[in-house]
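Asks: based on what follows, work out the 3D shape:
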Amino acid sequence: MALYLVQHGISAPKEIDPERGLTTQGRAETERIAQVAKGYGIRVAKIVHSGKKRAQQTATIYHQALAVEVPLEAVAGIDPLDDVRPFAAGLDPGSGLLVVGHMPFMQRLVSWLTTGSEDMKVYQFQNSGIVCLEAEEETGGKLDWFIKWTLNPNIS
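Replies: Model prediction:
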């Protein structure tokens, strides 16, 4: 199994929706990518999200499309400006976890896991897209994370 990271779908501006829920486009793109993931037979054991409305809505769409049996869970420590290191330290590469979060946290998490630096940009997320990470254990037990594949609403 792997670790799956998803940036929430496109959300409404605060002026339109103070809770910043998904727009019609955000919902449609998330549903489309979630169905592609389902078609590829992606196996997710658990989905967690930040608790913000847009992340919860995105997580719900993936949860339904991928028929995940374990209930959704809001977790602390994955808000946009949170430190990625504590969250990264608790990750199990074999857990089949899908995490729905926000920028810049998600981008910094991928950078931290793959390079050991939060500031080295290695991947540009798209709303609703998935980044699949896997890890191999090195000598001494250190995990060597790498990007295995991505699915995104736009290829340009």
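Asks: neighbours of the spatially closest residue to residue 136 that is not a sequence neighbour, how many?
Replies: Of all residues not flanking residue 136 in the chain, residue 144 sits nearest, at 5.0 Å (CB to CB, 6 or more residues apart in numbering). Using the backbone N, CA and C atoms, a C-beta is placed for each residue, glycine as well. Using other CB atoms under 10 Å, residue 144 has 12 other residues around it.
Asks: can you check residue 47 too?
Replies: Residues near residue 47, counting by other CB under 10 Å: 23.
Asks: now it: how far from residue 4?
Replies: 9 Å (CB to CB, to the nearest Å).
Asks: could you tell me which residues touch both of the two?
Replies: Shared contacts of residue 47 and residue 4, defined by CB atoms under 8 Å, 6 or more residues apart in numbering, comprise 97-99.
Asks: ranking those residues by neighbours, who comes first?
Replies: That'd be residue 98 among the shared contacts of residue 47 and residue 4, by other CB under 10 Å, with 26 neighbours.
Asks: who's in contact with it?
Replies: Counting by CB under 8 Å, 6+ apart, residue 98 has contacts 4-6, 44, 46-48, 59, 62, 66, 68, 130.
Asks: residue 26 now?
Replies: 8-11, 54, 58, 127-128.
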